[in-house]
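Colleague: quick one: sequence plus predicted model below, questions after.
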Amino acid sequence: MDYFDKLAKQIALYVFGAMVISSVITAVITWFCLYLFPTLPAALVIIGALAVGLISAFFASRVVAEYILEPLRVLWKAILHVSPGQHEVSPPDLEKIRIGRELVTSLALQVYQLASSTPSETKASEQTTSKTMIDHANILQTFPLPIFVMNKDRIIVFANPAAAAYIGKTLQEIIGINLYSVLDLAFSEGETFDQWLTKSRTSKVTSEKLWSHVRLSNGEQNGDKQLDMAAYYNKDSTDNAETIIALFDKTAEYAKNDDGMSFVAIAVHELRTPLTILRGYIEVFQDEVSGTLDPEMADFLRKMQASAQQLSSFVSNILHVARVEADQLYLQLHEEKWEAMLTSIVKDMALRAHVRDKKIQLSIQPNLPAAAVDTVGMYEVISNLIDNAIKYSGKSNRIIVRSYLRDDGLIETTVQDFGIGIPTSIIGNLFEKFYRNHRSRSSVGGTGLGLFLSKTIVDAHGGQIWVKSKEGEGSVFGFSLLPYAKLASEQKNTDNKDIKRVAHGWIKNHSFYKR
């Protein structure tokens with residue numbers, strides 16, 4: 001690159017010199033004409049000077065062009081000299097180059113070197129590459145991790161014995177088969193393998209990705225496995241190995257976490273019966289004695305009901321998260337009038353807000369289309385968002401719930417508070433399981449599961465959840481839903497009333513999709 005810069009500077013210097021010489025000649029001729037022929041009209045002198053200037057510029061440009069084109073002429077002769085059928089062309093004398101000698105000499109030598117490579121050398125290079133590929137394959141044969149290699153058509157072109165043993169198949173049942181027919185993987189969160197590969201093919205030359213907590217459905221005989229997975233993509237691979245996948249078995253490790261979550265779920269499940277009885281008694285008391293109690297006792301009863309409602313939501317969150325972890329949270333999407341459903345949920349939450357001296361304002365755009373929702377799941381989402389707004393609204397007593405139709409045809413619902421807000425540094429972690437802000441967790445109760453569960457349910461509905469916040473000014477949480485009419489006909493079942501989904505998305509007919 002230094003040689004090229006030097007050549008550019010030399011060319012600029014030659015061009016500048018030519019312009020200066022042409023300008024000097026024009027100025028001198030003009031002066032002589034004015035000195036020797038003072039009676040000549042000024043216009044005639046100027047025209048004559050311009051003519052002389054153009055002639056001098058023409059000859060100067062021809063000279064400069066000869067210098068500037070000299071490097072190109074030398075390279076042209078060097079290429080002709082080594083080209084087939086052009087052997088009568090003599091090689092250029094590199095010592096006589098007046099401009100860009102270093103750059104031209106370097107390029108000419110590379111031309112000679114490339115031309116001197118023989119077919120036998122090329123063949124030897126190809127044989128070396130082939131031998132290297134064979135050596136790599138031999139190494140992977142004894143590698144303890146399951147390895148799958150697939151081509152651009154997603155066909156498995158290589159798998160090691162560890163891969164065959166891990167999924168309980170022979171190599172003959174794997175090689176030459178579409179990857180999606182061999183591995184049935186479910187991804188708990190984030191982008192799936194298929195999404196990552198599609199994105200990599202459109203925007204990357206090479207790419208790599210690591211997934212954790214992946215579930216492998218391996219048939220009743222072999223049992224499901226839990227694993228981490230790494231993938232590497234190379235767009236320019238010349239050995240028919242576009243993508244490589246490695247599996248890291250974590251079944252035993254993740255099973256311990258599942259067992260722990262299952263124990264918690266069982267324990268929490270046992271709370272349901274006494275909690276249901278407790279809420280029943282409270283409702284009976286309200287019906288029977290609500291008009292006979294003094295204001296203080298009536299307030300106690302409202303607080304009891306709000307506490308029972310909050311405890312019920314906590315139990316539901318724990319059980320739903322346990323089902324998500326086990327990939328068993330099934331949702332039935334029905335055609336629901338969103339305005340009526342949202343109004344009913346907000347009405348239920350109004351008591352909890354009232355006990356904390358908060359007021360919920362509801363604003364719904366008229367004539368919203370029917371939404372495709374799971375009633376129980378969507379109740380969890382809205383109640384969690386409103387509950388968070390109640391907890392983190394600080395001294396502000398106002399919470400606003402809005403719902404409207406976006407320009408893209410989706411139904412968007414937001415829950416806004418005017419409380420303590422969220423630091424920008426932690427917003428990216430809010431929807432992670434068990435995550436809680438270290439600044440507020442000592443003063444505000446919670447499990448860190450509400451937003452995680454809300455995101456899971458919204459994702460399963462085909463929507464998106466988001467948050468905007470500024471510390472000290474409050475937060476806005478929002479999510480989008482598909483109108484029922486927008487769902488593709490093939491995603492509805494035969495009676496067009498229910499749409500079956502599981503916690504992590506549509507049930508697919510092949511693997512590598514969130515389930």
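Modeller: Alright, I've got the coordinates. Numbering: from 1, shown residues only.

Colleague: in which helix or strand would I find Ala165?
Modeller: Under the criterion DSSP states H and E, the helix or strand holding Ala165 is helix 161-167.

Colleague: may I have whichever helix or strand comes after that helix exported as PDB, CA atoms only?
Modeller: Heading C-terminal from helix 161-167, the first helix or strand you meet, by DSSP H and E, is helix 179-182. C-alpha atoms of helix 179-182 as PDB (Å, rounded to 0.1, in the frame of the first residue of the first chain):
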ATOM      1  CA  LEU A 179     -30.800 -32.600   9.500                       C
ATOM      2  CA  TYR A 180     -34.300 -31.800  10.600                       C
ATOM      3  CA  SER A 181     -35.300 -35.400  10.100                       C
ATOM      4  CA  VAL A 182     -32.500 -36.600  12.400                       C
END
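
Colleague: name the helices or strands packed onto helix 179-182?
Modeller: In this structure, helix 179-182 makes packing contacts with strand 147-150, judged by 3 or more C-beta pairs under 8 Å, 6 or more residues apart in numbering; DSSP states H and E. Heads up, the C-betas are built off the backbone N, CA and C, glycines and all.

Colleague: which SSE is immediately downstream of the strand it packs on?
Modeller: With secondary structure assigned by DSSP H and E, strand 147-150 is succeeded by strand 156-159.

Colleague: what mean pLDDT does that next one have?
Modeller: Regarding strand 156-159, the rounded mean pLDDT is 89.

Colleague: report the contact partners of the residue most central in space within the chain.
Modeller: Residue closest to the average C-alpha location in the chain (C-alpha atoms, centre = their mean): Glu191, at 7.2 Å. Glu191 is in contact with Lys199, counting by C-beta atoms under 8 Å, 6 or more residues apart in numbering.

Colleague: Gly377 sits in which helix or strand?
Modeller: Element membership of Gly377 [criterion: DSSP H and E] is helix 375-392.

Colleague: distance from that helix to the middle of the chain?
Modeller: Between the centre of helix 375-392 and the centre of its chain there are 27 Å (C-alpha atoms, centre = their mean, to the nearest Å).

Colleague: and if you look at stretch 457-464?
Modeller: Computed by C-alpha atoms, centre = their mean, the separation of stretch 457-464 from the middle of its chain amounts to 17 Å.

Colleague: residue ranges of the strands in the stretch 251-400 of the chain, please?
Modeller: When secondary structure is read from DSSP state E, counting those that start in this stretch, the stretch 251-400 of the chain shows strands at 331-336, 359-364, 371-373, 398-405.

Colleague: would a markdown table of those strands with mean neighbour count, distance to Arg352 and mean pLDDT be doable?
Modeller: Compiled in a markdown table, these are given as follows (neighbours: other C-beta atoms under 10 Å; distance: least, C-beta to C-beta, whole Å; pLDDT from 0 to 100):
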| stretch | mean neighbour count | distance to Arg352 | mean pLDDT |
| --- | --- | --- | --- |
| strand 331-336 | 18 | 23 | 80 |
| strand 359-364 | 14 | 9 | 93 |
| strand 371-373 | 26 | 22 | 87 |
| strand 398-405 | 18 | 11 | 94 |
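
Colleague: one step back: which strands and helices sit next to the helix holding Gly377?
Modeller: Judged by 3+ C-beta pairs under 8 Å, 6+ apart, helix 375-392 is in contact with helix 295-325, strand 331-336, helix 338-355, strand 398-405, strand 411-417, helix 450-460, strand 474-481.

Colleague: any idea which of those scores lowest on pLDDT?
Modeller: Set side by side, the helices and strands packed on helix 375-392 give their lowest mean pLDDT on helix 295-325, at a mean of 71.

Colleague: just to revisit the earlier point, how about the strands of the stretch 251-400 of the chain, which one is nearest Arg73?
Modeller: The closest of those to Arg73 is strand 398-405. By C-beta to C-beta, the value is 69.6 Å.

Colleague: that closest one vs strand 411-417, what angle?
Modeller: For strand 398-405 and strand 411-417, the angle between their directions (axes from the mean of the first three to the mean of the last three C-alpha atoms, to 10 degrees) works out to 170 degrees.

Colleague: contacting residues around strand 398-405?
Modeller: Contacts to strand 398-405, defined as C-beta under 8 Å, 6+ apart, come from residues 338-339, 342, 346, 353, 358-365, 368-369, 382, 386, 389-390, 393, 411-418.

Colleague: in its sheet, what does it sit against?
Modeller: Strand 398-405 sits in its sheet next to strand 359-364 (parallel), strand 411-417 (antiparallel), going by DSSP bridges.

Colleague: okay if I get those strands as a markdown table plus distance to Asp93?
Modeller: What follows is those, written out as a markdown table (distance: least, C-beta to C-beta, whole Å):
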| stretch | distance to Asp93 |
| --- | --- |
| strand 359-364 | 86 |
| strand 411-417 | 76 |
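
Colleague: which secondary structure element is home to Pro71?
Modeller: helix 70-82.

Colleague: what's near enough to touch the residue lying closest to Leu410 once chain neighbours are set aside?
Modeller: Take Leu410 and drop its neighbours on the chain: the residue closest to it by C-beta to C-beta, 6 or more residues apart in numbering is Ser480, 4.4 Å away. For Ser480, the set of contacting residues under the criterion of C-beta under 8 Å, 6+ apart consists of Arg406, Leu410, Ile411, Glu412, Thr413, Val458, Gly463, Gln464.

Colleague: now the buried members of those.
Modeller: Leu410, Ile411, Glu412, Thr413, Val458, Gly463 (16 or more other C-beta atoms under 10 Å).

Colleague: about what we covered before: Ile426 is nearest to which of the strands of the stretch 251-400 of the chain?
Modeller: Between Ile426 and the strands of the stretch 251-400 of the chain, the shortest separation by C-beta to C-beta is 21.5 Å, and it involves strand 398-405.
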